[in-house]
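**Q** Structure for the following, please:
(one chain, ligands or ions: 1)
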Amino acid sequence: MQQDQQEPVVYLNGEYLPASRAGISVFDQGFLLGDGVFDVVSAWKGSIFKLRQHVNRFFDSLQAAHLHTSLNREQWGEAIIETVRRNGLDDASIRFIITRGVPEQVVADPRVHQPTEVIWAAPYIFLGDEQQRSQGIRLMVSQLRGFASDTLDPRYKCLSRMHFQLAKVEASAAGYDDLVWLNKDGFVAEGPASNLFMIRDGILYTPAVDILHGITRQTFLELAERAGVPVELRQLTVYDLCTADEVFTTSTAGGALPVREISGRTLRGPAPGPITRELDRLYWASREAGEHGTPIHS
Ligand code: PDD
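**A** Numbers count the residues shown, from 1 in each chain. A predicted model of the protein is given here:
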């Protein structure tokens, strides 16, 4: 738990600062252009899940975005652990961010930059509330398409997320809990903060392209294998989702979130369905056992 009355501690460019002093310039390219990348990892019961995989994905985003960092992978890992420790959290959502920083001139070569590096840790965040987790969410198929690999490859976990916000406004204005968007060819991609799975006749399906490679998605694929549930990565349509036995989303923010409705069609099975329930149980059991975990207090 966050210690009473203690101001959150934020890592900023090599220093651990009280949040009220952790300010960045209004000329920062992250603020001006959404020019930066980030990742979100979580801790549960004192153990950070798949830290190495999250840091590796972050470094892939940096490499592809032509962004530098002053720290190596190990140092990022250490700074993340230290930030959680200094905030006195055992269950945490930890966001780590690099922006292209403040350019020396107004018109500057993006390759030449001094990055702004930030880590902040909040108490663990669940995407869905208790009722949504136990009864399922209503998902809308967005009018907006997801980014494609020939525009802004969804594998970048980047700060440019205005179209995510617009899609969320669209979904909540229509009374939905969350949304899924399609890729430019009309196949199901993902949501603004989660990947999508469906089950039909005992087989687990998830899209293979035009998505962020979610660490939780990968974990659920591994757990499905462990549980003997056959998996197929393939293109899915809205029709496939609406006629599925079970649909769920996955993210670092809560594991699996069952879906009970897709754009006005109530799914025929219960939400969560039996396979969703079993995989989510395995996920939390694995986390509680500290599998793939890095202890905060070693
Ligand atoms: N969101 N797809 C998108 C677009 C995401 O932003 C996320 C993560 C995921 C799921 O990835 P993972 O399993 O690695 O969390 C899929 C995080 C939680 C966020 O933006 O806060």
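**Q** what's around the residue of the stretch 51-200 of the chain found nearest the ligand, how many residues?
**A** When C-beta to the nearest ligand atom is the measure, the stretch 51-200 of the chain has its nearest residue to the ligand at residue 193, with 4.0 Å between them. All C-beta atoms are positioned from the backbone trio N, CA, C, and that covers glycine. The local packing count at residue 193 equals 19, with neighbours defined by other C-beta atoms under 10 Å.
**Q** That one contacts residue 251, correct?
**A** Yes: with contact defined as C-beta atoms under 8 Å, residue 193 and residue 251 form a contacting pair (5.5 Å).
**Q** Quick one: residues contacting residue 214.
**A** Counting by C-beta atoms under 8 Å, 6 or more residues apart in numbering, residue 214 makes contact with 190, 194, 195, 250, 251, 252.
**Q** run the last query once more with 6 Å
**A** With C-beta atoms under 6 Å, 6 or more residues apart in numbering as the criterion, the residues that contact residue 214 are residue 195.
**Q** what's the answer for the one 5 residues further on, then?
**A** Residue 219 sits next to no residue when contact means C-beta under 6 Å, 6+ apart.
**Q** now the helices for this protein?
**A** With helices called from DSSP state H, the chain shows them at 29-33, 51-65, 73-86, 130-135, 162-173, 215-227, 238-242, 274-288.
**Q** Report how many residues lie close to residue 263.
**A** By other C-beta under 10 Å, 17 other residues sit near residue 263.
**Q** Next: residue 175.
**A** Here the number of neighbours of residue 175 (other C-beta under 10 Å) works out to 8.
**Q** Just give the closest residue to it, not the sequence neighbours.
**A** With C-beta to C-beta, 6 or more residues apart in numbering as the measure, residue 138 is the residue that lies nearest to residue 175, at 7.5 Å, once sequence neighbours are left out.
**Q** Tell me where the protein is predicted with low confidence.
**A** Of all residues in the chain, those with pLDDT under 70 make up the ranges 1-5.
**Q** which parts of it sit against the ligand?
**A** Listed as neighbours of the ligand in the chain under the rule C-beta under 6 Å from any ligand atom: 40, 190, 192-195, 212, 214-217, 250-253.
**Q** so which of the helices of the chain comes closest to residue 8?
**A** When those are ranked by distance to residue 8, counting by C-beta to C-beta, first place goes to helix 73-86 at 9.0 Å.
**Q** Which neighbouring elements make contact with that closest one?
**A** With contacts defined as 3 or more C-beta pairs under 6 Å, 6 or more residues apart in numbering; DSSP states H and E, the packing partners of helix 73-86 are strand 9-12, helix 51-65, strand 116-123.
**Q** Most tightly packed of these?
**A** Most buried of the helices and strands packed on helix 73-86 by mean neighbour count (mean count of other C-beta atoms under 10 Å) is strand 9-12; its value is a mean of 21.
**Q** Would you mind pulling the contact partners of that one?
**A** 16, 17, 19, 22, 79, 83, 86, 87, 118, 119, 120.
**Q** Parallel or antiparallel, which strands does it pair with?
**A** Note on strand 9-12: by DSSP bridges, its sheet partners are strand 15-18 (antiparallel), strand 116-123 (antiparallel).
**Q** Count the neighbours of residue 151 for me.
**A** Around residue 151 there are 10 residues (other C-beta under 10 Å).
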